[in-house]
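> Fold the stuff below for me.
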Amino acid sequence: MIPDRDRPIAIDFTGADLCVTLANQRQITIPLANFPVLLKATSQQRAHVQLSLSGIYWPELNLDISLLELLGGLSASSRSHKPRFCEG
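Below is the predicted model:
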């Protein structure tokens, strides 16, 4: 079970990265290159996002990124990226 303190509360796009802020103020930065759909999306499509305890969802893009993946859970081991945690 994912603790409430780890739920995503905000996202931002900086250059070539997706930055996710968690409720505990920790930030995770992931290269957009790992999510080609987001990389090619318009700013309007990126702005239409839903945050939940289970992850981040862009309905227009049909893209769902699980919180477990962001936190380095089971599915992250099969991805080519490793999340970077930023001091916030």
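> Could you grab the helix/strand/coil label for the residue nearest the centre of the chain?
With distances taken as CA atoms, centre = their mean, the residue of the chain nearest its centroid is Val20 (5.3 Å). Under DSSP: H, G, I helix; E, B strand; the rest coil, the three-state class of Val20 is strand.
> Counting neighbours, what do you get for the residue nearest to it when sequence neighbours are not counted?
With CB to CB, 6 or more residues apart in numbering as the criterion, Val20 has its nearest non-adjacent residue at 4.6 Å, and that residue is Ile28. Just so you know, the C-beta spots here come from the backbone N, C-alpha and C atoms, and that holds for glycine as well. When neighbours are defined as other CB atoms under 10 Å, Ile28 has 21 of them.
> Ile28 belongs to a helix?
No: going by three-state DSSP, the assignment for Ile28 is strand, not a helix.
> Tell me the bridge partners for it.
Taking DSSP bridges as the rule, Ile28 bridges to Val20, Phe85.
> How about Phe13?
Note on Phe13: beta-bridge partners by DSSP bridges are Leu18.
> What residues does it make contact with?
Cys19, Leu32, Ser43, Arg46 (CB atoms under 8 Å, 6 or more residues apart in numbering).
> Filter those down to just the ones in helices.
Under the assignment DSSP state H, these contribute Ser43, Arg46 to helices.
> Quick check on the contacts of Phe13: which are buried?
Cys19, Leu32, Arg46 (16 or more other CB atoms under 10 Å).
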